[in-house]
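Pasting the sequence and the predicted model now:
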Amino acid sequence: MTAPALEGDLAHFFTSEVLQLLQLAQAGGRLEIERETERVDLYLERGRPVFARTSGLAVRVGEILQHRGLVSPEALARALDRQRSEPRRRIGALLIEAGEVTPGQVREAVHEVLRRIVYGVLLWRDGRFRFVPGEPGVGEDIQIDLDLDRLILEGLRIADQARATKSGE
């Protein structure tokens with residue numbers, strides 16, 4: 001296991017600042033961000049997020065496809081049942097195989113899930129981070145290549161909207 005090259009406390013460095021530093025360094029590897037019972041792993045290549053995974057609650061690909069009207073609740077339920085007997089299979093692959101959605105629709109839904117994970121972690125103000133260089137997101141068939149500055153701005157805009165809605169503005 002590779003030793004972390006960078007680690008710290010989110011009380012002192014916001015996630016956006018850590019990501020900007022890693023972008024400037026053109027770093028590649030895994031950024032682990034943890035708080036209480038939740039962990040997010042962000043995989044970076046050349047300083048740009050390419051994959052994200054969370055142990056916390058997140059919107060799932062099937063839910064996005066259903067919300068967009070691309071797959072019926074019944075078709076999603078069938079795919080989820082099948083996934084229980086084949087746990088290594090991705091829900092998107094099962095839906096494509098069943099002829100319910102196209103690979104492009106699944107790719108867009110995966111991108112949305114990954115963006116939402118990153119947006120969420122940008123709002124964390126407590127917890128710890130640790131960057132382990134050189135660890136690629138192995139085995140991930142759909143990756144993203146996001147413009148980090150745009151991602152941070154969009155995440156902060158969403159946070160401002162949520163705050164305004166919560167405070168009744």
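Thanks, I have the structure now.

Tell me which stretches of the protein form helices.
Assignment of helices within the chain using DSSP state H yields the ranges 15-24, 61-67, 73-85, 91-97, 103-122, 148-166.

So residue 113 sits against residue 65, correct?
No: Residue 113 lies out of contact with residue 65 (CB atoms under 8 Å); the separation is 10.4 Å. Heads up, the C-betas are built off the backbone N, CA and C, glycines and all.

Low-confidence ranges, the protein, go.
1, 58, 135-149, 159, 162-163, 168-169 (pLDDT under 70).

More neighbours: which of residue 113 and residue 65?
The neighbour comparison of residue 113 against residue 65 (other CB atoms under 10 Å) goes to residue 65, with 25 against 20.

Roughly how far does that one sit from residue 105?
7 Å (CB to CB, to the nearest Å).

which residues sit against stretch 26-36?
With contact meaning CB atoms under 8 Å, 6 or more residues apart in numbering, stretch 26-36 is reached by 2, 5, 10, 15, 18-19, 22, 39-47, 121, 124, 126-137.

Quick one: distance of it to the chain centre.
12 Å (CA atoms, centre = their mean, to the nearest Å).

Just the buried positions in it, please.
Neighbour counts over stretch 26-36 (16 or more other CB atoms under 10 Å) mark 27, 28, 29, 30, 31, 32, 33, 34, 35 as buried.

Give me the most central residue, the chain.
residue 114 (3.0 Å; CA atoms, centre = their mean).

Hmm, it is touching residue 54, no?
No: under the criterion of CB under 8 Å, residue 114 makes no contact with residue 54, lying 9.8 Å away.

Could you count how many residues lie near residue 101?
Residue 101 has 22 neighbours, counted by other CB under 10 Å.

typed the wrong thing, it's residue 12
Residue 12 has 7 neighbours, counted by other CB under 10 Å.

for residue 74, same thing?
For residue 74, the count of nearby residues is 8 (other CB under 10 Å).
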